[in-house]
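S.K.: Fold the following, please.
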Amino acid sequence: MEKMQDIDKEISIIGNSMPRGLVWDDTRAFLAVARCGTLSAAALELNIGIATLSRRIERLETALKLPLFIRQQSGYQLTEDGADLVEKAEVMEAAAQAFSSGADTQAQISGQVRLATAENLATELILPALPAFRAEYPELLVEVVTDISTINLHRRDADLAVRMVRPERGNVTLRRLGTLGYGLYCSPDYESRRELNPDQGDYDTDTFITWGEMQTHLPGAQWVERILRGRKPALTTTSLATQVSATKAGLGLAVLPHFIARDRGLICIDSDIGVDQPIYLVIQTDLARSRRVRALADFLTDLVARHHERLSG
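M.R.: Prediction:
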C-alpha cells in the first residue's frame, strides 16, 4: 500500500512537470535507445520500425527543447542533458508498469527464474537479502548460477543477469544499477610489517596476490601486472574468496571489492586505483515483461540502490 502511494506521488510530480505534447511512448523510446545504444537494437526491443522510433526521439527532443543524443556512426550516445533525464524517465517507467499491473497480486507470481551473477555478488549481497524476497513471492523459485563465464543469455542459459561487463551483442535489455568499487587491501599484520615508501604509488618492496592466467583480462589483474613490471607475484588464484583468504593471511596486497574487504577487516592502502566496474542488470528482451522476471529484477535494482555506498566504497 505504501509503495502504491509512493508511485501515485511520483505520477503526480511527473504529470505536473511534463511539457505539453509529451507522449509516454516517446519516453519509452528514449529509454530503449539509451539502454541499447543503437536505433536498430532499440526498435527490435520495442517491436517497432526504425523510422517510427527515430520520429519519437525527435518528437521528444522537440517537446523538451533539448538534444538528448549525439548521433554517431557507431550508435547513439547520450548528451549530458539526456543522461540527466534517464533516472526521471525510469521513474515514469516504473510508475507505468505499476499502473498496468496494479490488478495483479504478488501471490499469483510463481514458477522459476534463473539468475546469473558473480560469486561475490551472490554470496555477499544477494543471498543475504533473498529471504525477504522469498517471503514476498513464496511460489517463485529462484535459481542462482554463479559460473557466469559459461552463461549466455542469448542462448537462454539464464533469464537475467547481474554482471560487471556490458554485453556487446544478443537480444538483451540492460540497465546500469550502480558501481562496484575496488581498492588495494592488506591485512593489519602486513600493514604493520610494510616498509612505507615516501613516493606515493611505489610498491617495489611489496608482494602481491593476483589472478591466474585465465583471469588476466580482469581490470584488477591488469593493474597488478602494471605495478609489478615483470616481478613475480607472491600468489595467483582463480577465485576472489581465495584472494581474500590469502590477503587475511598476510601474503601481500590484493585488489579487492571494497564491500567484501572491509567486511573482512582488511586495511585499504589505496581506495582509488581506477579499476571500478559498472554493475549491469541484463534481461532477455523477450522476458523483460514477464512478471516473474520483473519481480526479481525490481528486487535486484532496489537491493543495489540500497547498498550503493557499500558497493561503491
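
S.K.: which residues in the stretch 201-313 of the chain form helices?
M.R.: 219-228, 240-248, 258-263, 291-306, 308-312 (DSSP state H, counting those that start in this stretch).

S.K.: next one: the stretch 51-200 of the chain
M.R.: 80-100, 119-121, 127-136, 188-193.

S.K.: Format the ones you listed as a markdown table; extra columns: mean pLDDT and distance to Gly178.
M.R.: Every residue, glycine included, has its C-beta placed from N, CA and C. Formatted as a markdown table, those follow (pLDDT from 0 to 100; distance: least, Cβ to Cβ, whole Å):
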| stretch | mean pLDDT | distance to Gly178 |
| --- | --- | --- |
| helix 80-100 | 81 | 12 |
| helix 119-121 | 91 | 11 |
| helix 127-136 | 93 | 15 |
| helix 188-193 | 90 | 29 |
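
S.K.: Now do the buried residues in stretch 276-286.
M.R.: Going by neighbour count (16 or more other Cβ atoms under 10 Å), the buried part of stretch 276-286 is Asp276, Gln277, Ile279, Tyr280, Leu281, Val282, Ile283, Gln284, Thr285.

S.K.: Look up phi and psi at the first one.
M.R.: Yep, that's Asp276 we're talking about. Main-chain dihedrals, Asp276, degrees, to the nearest 10: phi -60, psi 150.

S.K.: Assess the claim that it and Tyr182 are in contact.
M.R.: Yes. The pair Asp276 and Tyr182 passes the contact test of Cβ atoms under 8 Å, sitting 5.9 Å apart.

S.K.: Tell me what the residue most central in space within the chain is bridged to.
M.R.: By Cα atoms, centre = their mean, the chain has its centre lying nearest to Ile279, at 2.1 Å. Under DSSP bridges, the beta-bridge partners of Ile279 are Gly178.

S.K.: any idea how far it lies from Phe259?
M.R.: 11 Å (Cβ to Cβ, to the nearest Å).

S.K.: Overlap in contacts, those two.
M.R.: Residues touching both Ile279 and Phe259 comprise Leu180, Leu311, with contact defined as Cβ atoms under 8 Å, 6 or more residues apart in numbering.

S.K.: For the stretch 151-300 of the chain, give me the ranges with low pLDDT.
M.R.: 151-156, 168-170, 195-201 (pLDDT under 70).

S.K.: Of the helices of the stretch 201-313 of the chain, which is nearest Glu119?
M.R.: The minimum distance between Glu119 and the helices of the stretch 201-313 of the chain falls on helix 240-248, with 6.7 Å, by Cβ to Cβ.
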